[in-house]
Structures are given as structure tokens and as C-alpha cells.
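Undergrad: Okay, sequence plus prediction incoming.
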Amino acid sequence: MPEKYVATDPAVVAGLDNYKNLPAVQQPTWLDQVELERVKAELSILPPLVFAGEVDTLRSRLADAAAGKAFLMQGGDCAETFVDATADRIRNRVKTLLQMALVLTYGSSMPVIKMGRMAGQMAKPRSSNDETRDGVTLPAYRGDAVNGYEFTAESRAHDPQRLLKAYHTSASTLNLVRAFTTGGFADLRSVHEWNKGFADNPANARYESLAGEIDRAIKFMAACGADFNELRTTEFYVSHEGLLFDYERPLTRIDSRTGLPYDTSGHFIWIGERTRQLDHAHIDFMSKIRNPIGVKLGPNTQPDDVRELIERLDPNREPGRLTFITRMGAGKIREAMPKLVEAVKGTGSNPLWITDPMHGNGITTSNGYKSRRFDDVMDEVRGFFEVHRAAGTVPGGIHIELTGDDVAECLGGSEQINEAELENRYESLCDPRLNHMQSLELAFLVAEELGNAKK
Ligand code: PEP
Ligand code: MN
């Protein structure tokens, strides 16, 4: 192994590997351990996907959001798949995120931090280890980084080679994302371009009209002699749930500048609702890396959990270090959240609060689809803003499952997607995503809320 990738300080090494002494849930049961060791050795010498300096910049951006001076827009698939890592699909997702960010920037007059659930979001926690179909029971699908979706024993076996494929798919996805966001595509003078190729609908029309206003403002500024270098490119960060130690640990490297460990698999890593047990491996491992860390908080979270998470993940009270991603459900957020935002006061930590209005609002439709009602999603977002307004705390961002494609997975929206429609245009292998139009509609709602918050 090249020297520079190896942690040599024994204390750092011991700290990073301490998670191995703790219980870890939701881990694969790889069949071939020899193969697994080979894969991990290979991963540990492959180039980093992101760089420590970028991670540090993101941390300072998130600190701005926690202080009410920026807003985080995080979105993407529930689970990325190998076959869908195509140029068209990646471009549509990036375009959708850029459009949403534009609506938010314009509505709030604040910088919007753009972040994909992309280039690494390929491992899923599951409520059950198995799935039964027609009397046949096989291991549950755990994301393309672990096994295949196809319902055969061969495909559902946990195959370590998939970790390498996840790495290479993430690398090519990130390469394209970087090209799109720095190579001219994200130029603010192309705001109309981002809307092209999407079907006509009310949200797109509203977007077009906003893009027209921005165009006029840019032409006015250009006529006044302004320099637009800043408009040409945009920062774009990638994030995923840090679930698999066999992926995250080999990609964790010691930065030669600071001597500290960074998980180079993505800029921002979050811990899921199912793996945030205080004395378990995920919290311990994430506490040792320098990346900004998110933690999902469901409706049963208690004030003491929040305080303990702060002690473990933000012991130095570092701005931008910790993000709480609340996913309470529309019917619960107004009850469940106030005591949590109060619990943080007086700890000295200033975590970023963002809302995930997706994961607390799951339903099963009468025709058997996993779905979410767009109205519930909107209502949870409103509840999130209400709670923060009442508490005097900062609503700092939004975390969404979305796709740029014209799918029908969530019910409602101005296109009024109904249950029957799900049978034609449901593509997600995991959770239902907002489609392009629903995503834009949501962005307009959040922009209004942000505008109100400023008044
Ligand atoms: C997810 O983000 O896809 C997820 C599984 O969320 P949670 O941990 O909040 O259930
Ligand atoms: Mn999900």
C-alpha cells in the first residue's frame, strides 16, 4: 500500500478501528470472506472520490446554514442503481437539483448549498432480512453495493465484488456531476436550458417565468458592466448514508495536510434512523472522521438522545460538524420536534436542522405500492418551519428523495397522480421519489416559507 494512504499514528488507527469492537447492525453477510479481504485491500488503494479540502469547505458552508446565512438543498434517489447511472438520468437529476436550488435562492435571497444523494447512495438498511414471494424466501435487497434486486438466490447473495462496482459507478457518476457543475452547464445564464426536455406542466411554467426574471436581472447587471465569473460554475457536493463498514473504512484516508482521517467516499455522510444506536459501531466510526455528519431523527427520538448524539459527534462544538435530519411524519412533527430543538439549547452546539419530509410519510396504496402523499410531504415541511419559528431556531435545509424523470411514485401534486397511475410509471426499487414536477412544486413552497421567515 502506498505510504501516504496508511494511517501511521497508532492512536488514530486504533480510534478508527474501534468500531470493530462494537455491535454493528444492518451489515451484509458476505459468503466469501477471502474475496471480501481482497476487495477491501483494493478499495483501500483506489484514489479518493472526494478531497479533504472540499470536505472542509462544505463544513464551513453548513456552518453558514446553521447560522441562518445559507440553506441546504439535499436530494436524489433513495437507492442509486448501477444500470441507472447513465448520462441522461444523472443529468436530469442534476438539472432538477439546480432548478430547485435556483427557486430557493431567488425566494430566500440566500446562498443555497447543493448536495446530491448521489455517487455512493447504494446501500440500504432494511426492516427485514428476508423477503418472501410465492412461498419462496430469499435475502432482502440491500442496495446494488450488496446484492441484486432480481429475485433469485444467485442475485440476492451478498457479493463483495459489488463494493468495487459501487466505487467505480460512484467515480463515473461524480465525474459527470463535476463536469456538469463546473463545465458551463450550471452557468446561471442557462437557467432556461435546465427546463428543456421536461414535460409542460404548471410547475415548469412557474419556473419559466422565474427564469425569465433572472434572465432580465442578469442582462441588466451585464449592461451595468458586472463581471459574471461567479455565475459560471457552482459548488456541488455528494452524500450518502454511511452504512457499510467494508466500503467506508477502506475509503477513509489520513489527510497529509492535517494528519486527520477523512472518509473520501463522499463529502457528507449521514447515519440512518436504524443505525444510530448510541453505543453501536456507526456512531463510533463517524465520530472519528472529519466529514460533516448527519443523523436521521425519527418521531420517537428523545431529548436525551439528541444531547448524547451531540456529545459523541460534536464534542468540540464545531460549527458545521453536525446536522440533524428530522423525519417525523406530517402528523407528528409539530408534537415530536419542539422538545428536540429545545434540548439543543444550552449545549453549546449549534447543529444544522434540516427536514426530510419523506421517510415519516410512507403508506401502502390499495393496489400494493409503497408511496407517499405529496400533501403530507408539503405539510411536514410547513410543520418544520412552524416549529422553528416558534422556537426561534433556524430551519436550515431540506432532504428529499427525487428524480429528474417523469415517474409516478408519490401521490398527488398538481398533476394529481392517483393510485392507478403508479402501475404505469413506478420505477424505484426502494422508496417512492418525487418526480420532476413535484420536486419543483416543493421548491416553490419552501421558497415561500423561507421568504416568510425573512419577513
Ligand atoms: C433513507 O434515507 O433512504 C432512509 C432509509 O432513511 P431513514 O434512515 O430516515 O429511514
Ligand atoms: Mn429512502
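TA: Arrived safely, thanks for sending. Ligands and ions are numbered 1, 2, ... in the order given.
Undergrad: What residues are bridge-paired with the nearest residue to T132 once chain neighbours are set aside?
TA: On the basis of C-beta to C-beta, 6 or more residues apart in numbering, the spatially nearest residue to T132 that is not a chain neighbour turns out to be L138, at 8.0 Å. (Glycine included, C-beta is placed from N, CA and C.) When bridges are taken as DSSP bridges, the partners of L138 come out as E131.
Undergrad: how deep is L138 tucked in, by neighbour count?
TA: A count of neighbours around L138, defined by other C-beta atoms under 10 Å, yields 18.
Undergrad: Do I have it right that it meets G148?
TA: No - look at L138 against G148 with C-beta atoms under 8 Å: they stay out of range, at 10.7 Å.
Undergrad: Give me the secondary structure label for the nearest residue to A166 once chain neighbours are set aside.
TA: Once flanking residues are discounted, A166 sits nearest to A145: 3.8 Å by C-beta to C-beta, 6+ apart. The three-state label for A145, taken from DSSP: H, G, I helix; E, B strand; the rest coil, comes out as coil.
Undergrad: what's the burial count for A145?
TA: As a measure of burial, A145 has 30 neighbours, counting by other C-beta under 10 Å.
Undergrad: mind listing what it touches?
TA: With C-beta atoms under 8 Å, 6 or more residues apart in numbering as the criterion, the residues that contact A145 are 122-123, 162-163, 165-166, 244, 247.
Undergrad: let's go with 6 Å and repeat that
TA: For A145, the contacting residues are 122-123, 162-163, 166, by C-beta atoms under 6 Å, 6 or more residues apart in numbering.
Undergrad: That one and H240, how far apart?
TA: 10 Å (C-beta to C-beta, to the nearest Å).
Undergrad: What of V387?
TA: 27 Å.
Undergrad: what about the residue in the stretch 1-150 of the chain that ligand 2 sits nearest to, is that helix, strand or coil?
TA: Sorted by distance to ligand 2 under C-beta to the ion, the residues of the stretch 1-150 of the chain start with C78, at 3.5 Å. Here C78 is recorded as coil under three-state DSSP.
Undergrad: Report the beta-bridge partners for the residue nearest the centre of the chain.
TA: In the chain, the C-alpha closest to the average C-alpha coordinate belongs to R117, at a distance of 3.6 Å (C-alpha atoms, centre = their mean). In this entry, R117 is beta-bridged to G76, S239, by DSSP bridges.
Undergrad: List the contacts of the helix or strand where I398 lies.
TA: In this structure, I398 sits in strand 395-401 according to DSSP states H and E. Outside strand 395-401, the residues within contact range by C-beta under 6 Å, 6+ apart are 65-66, 71-72, 74-75, 78, 325, 352-356, 358, 384-385, 388, 431, 433, 446.
Undergrad: Tell me the first helix or strand C-terminal of it.
TA: Counting by DSSP H and E, the element after strand 395-401 in chain order, helix or strand, is helix 419-425.
Undergrad: got the angle between the helix or strand following that next one and strand 395-401?
TA: From helix 419-425 onward toward the C-terminus, using DSSP H and E, the following helix or strand is helix 436-454. With axes from the mean of the first three to the mean of the last three C-alpha atoms, to 10 degrees as the criterion, the two stretches helix 436-454 and strand 395-401 enclose an angle of 170 degrees.
Undergrad: Now do helix 436-454: which elements does it pack against?
TA: When contacts are defined as 3 or more C-beta pairs under 6 Å, 6 or more residues apart in numbering; DSSP states H and E, helix 436-454 sits against helix 87-108, helix 202-223, helix 374-391.
Undergrad: if you compare the ones you listed, which one is most tucked away?
TA: Sort those by mean neighbour count, taking mean count of other C-beta atoms under 10 Å, and helix 87-108 sits at the top with a mean of 22.
Undergrad: picking up where we left off before, now the residue nearest to A166, what are its backbone angles?
TA: phi -70, psi -10 (degrees, to the nearest 10).
Undergrad: swap in F71?
TA: Torsion angles, degrees, to the nearest 10, at F71: phi -140, psi 140.
Undergrad: count of residues packed around it?
TA: Number of residues near F71 (other C-beta under 10 Å) recorded here: 26.
Undergrad: need the helices and strands packed on helix 436-454 in TSV with distance to Y262 and mean pLDDT, can you?
TA: Conversion of the helices and strands packed on helix 436-454 to TSV gives the following (distance: least, C-beta to C-beta, whole Å; pLDDT from 0 to 100):
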stretch	distance to Y262	mean pLDDT
helix 87-108	24	93
helix 202-223	36	85
helix 374-391	30	97
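Undergrad: Export these to JSON lines and append columns for distance to G272.
TA: Written out in JSON lines, the entries for these read as follows (distance: least, C-beta to C-beta, whole Å):
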{"stretch": "helix 87-108", "distance to G272": "21"}
{"stretch": "helix 202-223", "distance to G272": "30"}
{"stretch": "helix 374-391", "distance to G272": "18"}
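Undergrad: Please name whichever of the ones you listed is nearest to L22.
TA: Comparison of the helices and strands packed on helix 436-454 against L22 by C-beta to C-beta identifies helix 374-391 as nearest, at 32.2 Å.
Undergrad: same for that closest one, what does it pack against?
TA: Packed against helix 374-391, as judged by 3+ C-beta pairs under 6 Å, 6+ apart, are the following elements: helix 333-336, strand 395-401, helix 436-454.
Undergrad: Contacts for it next, please.
TA: Residues outside helix 374-391 that contact it (C-beta under 6 Å, 6+ apart): 330, 333-334, 337-338, 341, 355, 357, 361, 395, 410, 412-413, 438, 445, 449.
Undergrad: Up against ligand 2, what does the stretch 351-455 of the chain have?
TA: Within the stretch 351-455 of the chain, the positions adjacent to ligand 2 are D431 by C-beta under 5 Å from the ion.
Undergrad: Show the end-to-end separation of stretch 140-160, please.
TA: With C-alpha to C-alpha, to the nearest Å applied, stretch 140-160 spans 16 Å between its terminal residues.
Undergrad: For that stretch, give the mean pLDDT please.
TA: Averaging the model's pLDDT scores along stretch 140-160 yields 98.
Undergrad: what does stretch 125-136 give?
TA: In this model, stretch 125-136 has an average pLDDT of 97.
Undergrad: residues of that stretch that come out buried?
TA: Along stretch 125-136, the positions that meet the burial threshold by neighbour count (16 or more other C-beta atoms under 10 Å) are R126.
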